[in-house]
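Enquirer: Got a sequence here, can you build the structure:
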Amino acid sequence: SSVSCWRTHHSERSGRLTRPHDGVRVKRFLLWSLVCVASAVLGAVFAVALFPQRFPPGVSIAEVAVGGFTRQEAAESIRSYWQQRLDRVVSFQVAHEPARKLSMKLNEAGLSLDVEATIEAALGRVPMYRLAWRSASVAVPASECARWLMLPEAFERLQTHLKRYERPRSSPRLRWENGTVSIEVKEPGKRLDTDALVRVLQMAALTARDRVTVPYVTPSPDEREKSLSQIRYQLSEKTTSFKAYETSRSHNIRLAAEALDGIVLLPGEVFSYNKVVGRRTASRGFRVAPVFVNGRHVPGVGGGVCQASSTVYNAALLAGLKIRERHNHQLVVGYVPVGLDATVDFGSKDLKFENDTGGPIAVAAEYKPGRLTVRIFGSKPLHQRRYELVVTDRTAVGYDTKLVPDPTLPAGEQRVVEKGGRGFRCTSWRYTYEGDVLIRKELLGKSRYMPSTRLVRVGSGVASPTTPETPVQPPPSDSADAQAVEPEAYSRP
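Expert: The predicted structure follows:
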């Protein structure tokens, strides 16, 4: 029957039912396919062999017609064309500094075309059979086949010039305002992106642009800045007062507070007051105010900065930080108890403490007329731990009175020039508590303050109103500042 003329075959791979001659037909189809492919390849090889030295008509590479050219002639033609394209002046624009401009030829910027590599890239994008078809039009644009070279010395000169407009990323600083802690980076910075600059030069060559924008990127945050996100806890706070009407001294305290505010210390780093605040000079904005020099109150540039250093010192103590260097004043000051002050003198005396908390810390200084508050923040809370500052062995030392004859005053009349003040000797401690349990007594040091002589002018003749007083000249460098000579009554924090 007609059914018997068919044999059913089960394909193990496809599971299909096939006719008995399907396998032969498939084999024939595959054979003809191989013959066609082989013919095309042999034709292409024959064409290349037939025209070994010249490009067929209608071929262009990188916008240059090379039909009928030998490879060497094509290379020279492409090289000549692109030398002219690269010998063109381009204006480099700096977006963040519009006034800054640079004009330079692309080849002077170091851009050059690798002609042989460009030809190879173009041939690699064109099938061989198309080259064999002599009437075929084959165009490979420069955007697809151009291979560029950057001449190191010329490109380095361009980078050197453009790097002048880079801006360093400012150090991150902590800001405390109304109980809220935030991190501030005033200048995010600008850094030349050299890889992008290469692409900009290439695009300028391809598009014939005469103006390009120099690529600058914002530098990534460093480890110091990344660590600031960990700072969330207030460790200590100390406030001292001063006379706001003493404008020069208040001005100096404000400058010191601005320098201190936001300073960050990573674990193991040491804070240096002199390094942070800098030299106290008139050129840096500091004014003349009372300072201590050789046991006397005299005008000096930077008077008041020791109140800021003493406030920082107390805040560091209350945060449990390790003190590396501290000096007491020559005379007693009135803004902190005796034994808890910290004088500074640029180049000789400094206040230093170490961040030994195991995490980042930051200093926040808040200036208000008549008040300076310093807070220290960290990444780890104190929990039940607290610190108490204690002064013991307080011994007062009396002062002398010196009478100085003054013929400009009426006989017997007295005028106090220096009030004088007692000296002190004392010992300072830091007590550490866990809850209400005292777990440690740490000796901070012994302090000794000189008594200041009471200086009184005594009239010895007839006063002369026309005799002017000779003003005291300020010392050439900053020294310990003065505010008061009598200490305030001490009470434990």
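Enquirer: my read: residue 236 touches residue 311, true?
Expert: No. Using CB atoms under 8 Å, residue 236 makes no contact with residue 311, being 11.0 Å away. Backbone N, C-alpha and C define where each C-beta goes, glycine included.
Enquirer: Between the two, which has more neighbouring residues?
Expert: Using other CB atoms under 10 Å as the criterion, residue 236 and residue 311 rank with residue 311 on top: 25 against 21.
Enquirer: now the strands: where do they sit in the stretch 151-300 of the chain?
Expert: Here the stretch 151-300 of the chain has its strands, by DSSP state E, counting those that start in this stretch, at 173-177, 180-184, 191-192, 211-213, 216-217, 233-241, 264-265, 270-272, 288-293, 296-301.
Enquirer: want to throw those strands into CSV with mean pLDDT and distance to residue 75?
Expert: Shown next, in CSV, are the strands of the stretch 151-300 of the chain (pLDDT from 0 to 100; distance: least, CB to CB, whole Å):
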stretch, mean pLDDT, distance to residue 75
strand 173-177, 78, 59
strand 180-184, 79, 58
strand 191-192, 95, 34
strand 211-213, 93, 28
strand 216-217, 94, 37
strand 233-241, 96, 70
strand 264-265, 92, 59
strand 270-272, 97, 65
strand 288-293, 87, 77
strand 296-301, 85, 73
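Enquirer: got CSV for the ones you listed, with distance to residue 113 too?
Expert: Shown next, in CSV, are the strands of the stretch 151-300 of the chain (distance: least, CB to CB, whole Å):
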stretch, distance to residue 113
strand 173-177, 49
strand 180-184, 48
strand 191-192, 24
strand 211-213, 18
strand 216-217, 27
strand 233-241, 61
strand 264-265, 50
strand 270-272, 56
strand 288-293, 67
strand 296-301, 63
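Enquirer: So what sits opposite residue 139 in the bridge?
Expert: Residue 139 has the following beta-bridge partners by DSSP bridges: residue 60.
Enquirer: Quick check: pLDDT value at it.
Expert: If you check residue 139, the pLDDT there is 90.
Enquirer: That one: neighbour count?
Expert: Neighbours around residue 139, by other CB under 10 Å: 14.
Enquirer: how close does it get to residue 451?
Expert: Going from residue 139 to residue 451 by CB to CB, to the nearest Å gives 98 Å.
Enquirer: can you tell me which helix or strand the residue nearest to residue 307 when sequence neighbours are not counted belongs to?
Expert: Among residues not flanking residue 307 along the chain, residue 335 sits closest, at 5.2 Å (CB to CB, 6 or more residues apart in numbering). In the assignment (DSSP states H and E), residue 335 maps to no helix and no strand.
Enquirer: how many neighbours does residue 335 have?
Expert: For residue 335, the tally of surrounding residues (other CB under 10 Å) stands at 19.
Enquirer: I figured it was touching residue 241, is that so?
Expert: Yes. If you go by CB under 8 Å, residue 335 and residue 241 touch, sitting 6.5 Å apart.
Enquirer: Surely residue 394 is within a strand?
Expert: Yes. Under DSSP: H, G, I helix; E, B strand; the rest coil, residue 394 falls within a strand.
Enquirer: so where's the chain uncertain?
Expert: The chain contains residues with pLDDT under 70 at 1-29, 33, 35-53, 127-136, 462-493.
Enquirer: Helices of that one, start to end?
Expert: 22-50, 71-86, 115-124, 128-132, 142-145, 152-162, 194-207, 223-227, 247-260, 273-277, 305-318 (DSSP state H).
Enquirer: And the contacts of the second one?
Expert: Counting by CB atoms under 8 Å, 6 or more residues apart in numbering, the neighbours of helix 71-86 from elsewhere in the structure are 53, 55, 61-64, 66, 69, 105-107, 111-113, 115-116, 118-119, 205, 208.
Enquirer: Weed out the non-buried ones from these.
Expert: 55, 61-64, 66, 69, 106-107, 111-113, 115, 118-119, 205 (16 or more other CB atoms under 10 Å).
Enquirer: Kind regards, and thank you for your time.
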